[in-house]
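Enquirer: okay, predicted coordinates and the sequence, questions at the end:
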Amino acid sequence: MVKKNLTLLTDLYQLTMMQGYYQNNSTQTVVFEMFYRKNPSQNGFAIFAGLHQFIDYINNIVFDADSLEYLSSLNIFSSDFLEYLKNFKFTGDIYSIPEGTIIFPEEPLFRVIAPILEAQFIESTMLNIINHQSLIATKASRVISAADGDTVLEFGLRRAQGPDASLYGTRAAIIGGCVATSNVLAGKEFNVAVSGTQAHSWIMSFESELDAFRKYADLFPNKCLLLVDTYDTLNSGIP
């Protein structure tokens, strides 16, 4: 994937409020805290994730010429505000709990101390990144708890909502306790173990499951995980 400029990954009202603060000369320093009100699905806890990508986003905020041209085309923003955005950088302080921490409702996860224009601007992106990855890490942790000591792998690529969600969803699942992923790009980018089985089409291309299993084991004797649910998991695949 080509690395994208995520600066405009925000809600429009964050930018319109920024212009309002700018034109009103609002320079006060504010404190924003991120928390959540209740655990989903009757969970007893959640797992915090997403800090890595969020800090990367903060460090790479830039209103480039293409972004400013688009904002100008909306006919909402004043020329002096767009000029201000040319040199916009986040100058505040961010305090966060570490990724992988067990978290509970009503406790601060993030604290942002910054001039109000800056704190306002990063809010939507912070919620997008932290909410998604914490959700995936929490689900992974619950699956691992249910596995009761058995190894759990992450195979979420084909179900994720797009490339970015799959890549950072994999990372969140590893934070939640998965030991490997099927996502090859995530393995490369985050230096995590990759693993996998085979598709149902592989099994169905042989005369029997046993033939398919034997051939795969011959080809990959040290990396052999078998897909047992093609026909009948308990009465055929596993036996």
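Expert: Everything's here; your move. Predicted model, so just to flag it, every value in this text is computed and none were measured.
Enquirer: and residue 142, how many neighbours?
Expert: Residue 142 has 18 neighbours, counted by other C-beta atoms under 10 Å. Where you see a C-beta, it was placed from the backbone N, CA and C, and this is true even at glycine.
Enquirer: which residue packs closest to it, ignoring adjacent ones?
Expert: Leaving aside its sequence neighbours, residue 142 sits nearest to residue 43 (C-beta to C-beta, 6 or more residues apart in numbering; 6.9 Å).
Enquirer: the one you found reaches residue 138, doesn't it?
Expert: Yes - assessed by C-beta atoms under 8 Å, residue 43 is found in contact with residue 138 at 6.6 Å.
Enquirer: more neighbours, these two?
Expert: residue 138 (24 against 15).
Enquirer: let me know the pLDDT of the residue of the chain positioned farthest from its centre.
Expert: Here the chain reaches farthest from its C-alpha mean at residue 207, the gap being 41.2 Å by C-alpha atoms, centre = their mean. In this model, residue 207 is scored at 96, pLDDT.
Enquirer: give me the distance between it and residue 88.
Expert: Residue 207 sits 64 Å away from residue 88, going by C-beta to C-beta, to the nearest Å.
Enquirer: also residue 173?
Expert: According to C-beta to C-beta, residue 173 and residue 88 sit 34 Å apart.
Enquirer: who has more neighbours, the two?
Expert: Taking other C-beta under 10 Å, residue 173 and residue 88 do not tie; residue 173 has more neighbours (30 against 15).
Enquirer: show me what contacts that one?
Expert: Residue 173 makes contacts with 136-137, 139-140, 154, 156, 181, as judged by C-beta atoms under 8 Å, 6 or more residues apart in numbering.
Enquirer: over to residue 236?
Expert: Counted by C-beta under 8 Å, 6+ apart, residue 236 has contacts residue 209.
Enquirer: so what pLDDT did it get?
Expert: pLDDT at residue 236 comes out at 95.
Enquirer: for it, helix, strand, or coil?
Expert: helix (DSSP: H, G, I helix; E, B strand; the rest coil).
Enquirer: list the buried residues of the lengthiest helix in the chain.
Expert: Under DSSP state H, the helix in the chain containing the largest number of residues is helix 123-147. Neighbour-count burial for helix 123-147, counted by 16 or more other C-beta atoms under 10 Å, picks out 123, 125-130, 132-142, 144.
Enquirer: try stretch 191-203
Expert: If you call a residue buried by 16+ other C-beta under 10 Å, then stretch 191-203 has these buried ones: 192, 194-198, 203.
Enquirer: quick one, helices of the protein?
Expert: 12-23, 51-59, 65-73, 79-85, 116-121, 123-147, 163-175, 184-190, 200-204, 209-219.
Enquirer: which outside residues touch the second one?
Expert: Think helix 51-59. 6, 9, 90, 94, 96, 98-99, 122, 125-126, 129-130, 133, 168, 171.
Enquirer: most widely separated two among the residues you listed?
Expert: Using C-beta to C-beta, these reach their maximum pairwise distance at 9 and 98, which is 24.2 Å.
Enquirer: quick one: which of these two has more around it?
Expert: residue 9 (12 against 7).
Enquirer: so what's the closest residue to the more buried one other than its chain neighbours up against?
Expert: Nearest in space to residue 9, with sequence neighbours left out and distances taken as C-beta to C-beta, 6+ apart, is residue 125 at 5.4 Å. Applying C-beta under 8 Å, 6+ apart, we find residue 125 in contact with 6, 9-10, 54, 57.
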